[in-house]
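Engineer: just coords:
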């Protein structure tokens, strides 16, 4: 259950990271409100997940989900670079997330 909460927290982290682009420096009201809401939800869910998961593992997985999601959506939505070396680095983050999950107590 706590791993599921952590994954949802990571998805909200992706949402607020992408939302930052749409706020245009917090000058647009609705994207700013939605982004701030996603930030709060993400942090609250992370806090709930750390009740039973190791803090270091939960935080690393949370940020990893956010980083991989932000890079992926940056490529898809904003035409950011998809160079092979960049994708390899994303794959290493995914490998780290899997490794942390497999070795968590």
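Structural biologist: Yes, it's here. Given the structure is predicted, the values throughout are model-derived calculations rather than measurements. Numbers count the residues shown, from 1 in each chain.
Engineer: Longest helix in the protein, please.
Structural biologist: Longest helix of the chain, by residue count under DSSP state H: helix 55-78.
Engineer: Setting the sequence-adjacent residues aside, check what's closest to the residue nearest the centre of the chain.
Structural biologist: Residue closest to the mean C-alpha point of the chain, counted by Cα atoms, centre = their mean, is residue 66 at 1.6 Å. Leaving out its chain neighbours, the residue that sits closest to residue 66 by Cβ to Cβ, 6 or more residues apart in numbering is residue 13, at 3.5 Å. C-beta: built from backbone N, CA, C; applies to glycine.
Engineer: Could you list the buried residues of the longest helix of the chain?
Structural biologist: 57-62, 64-71, 73-74 (16 or more other Cβ atoms under 10 Å).
Engineer: Run through the neighbouring helices and strands of the helix or strand of the chain with the lowest mean pLDDT.
Structural biologist: Across the helices and strands of the chain, mean confidence by mean pLDDT, DSSP states H and E is lowest for helix 84-103: a mean of 93. The helices and strands touching helix 84-103, judged by 3 or more Cβ pairs under 8 Å, 6 or more residues apart in numbering; DSSP states H and E, are helix 55-78.
Engineer: Done for today, thanks.
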